[in-house]
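Enquirer: Need coordinates for the following:
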Amino acid sequence: MCQHRPPCPPAGAPDHDAARLVAYHPEQGWGLLCNGVIVFEDTGELLPDGRSVPTHRGHLVPAA
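Expert: Here you go, the predicted structure:
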């Protein structure tokens, strides 16, 4: 799917969520990456093969 140069990481790569956003629906809470991965605002993901990736929020760092 990706037409960018350099190409975005494929859906099976560990850094697949670094792909470019090609569709965004904030009112519904999801976006589509150019590698076919659907990302949700709660950080969960749905891969093109139907597998899901659970939410993976980062650690909070207290403000100084």
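
Enquirer: what about the strands in the chain?
Expert: Counting by DSSP state E, the chain has strands at residues 21-25, 30-33, 38-40, 45-46, 52-53.

Enquirer: Each with direction, which strands does the worst-scoring helix or strand of the chain on mean pLDDT pair with?
Expert: For the chain, counting by mean pLDDT, DSSP states H and E, strand 52-53 ranks last in confidence among helices and strands (a mean of 90). Under the criterion DSSP bridges, strand 52-53 sits next to strand 45-46 (antiparallel) in its sheet.

Enquirer: Residues contacting the partner strand, please?
Expert: Applying C-beta atoms under 8 Å, 6 or more residues apart in numbering, the contact partners of strand 45-46 are 17, 37-40, 52-53. To be clear about C-beta, it is placed using only N, CA and C from the backbone, and glycine gets the same treatment.

Enquirer: Could you identify the pair within those that is furthest apart?
Expert: 17 and 52 (13.3 Å; C-beta to C-beta).
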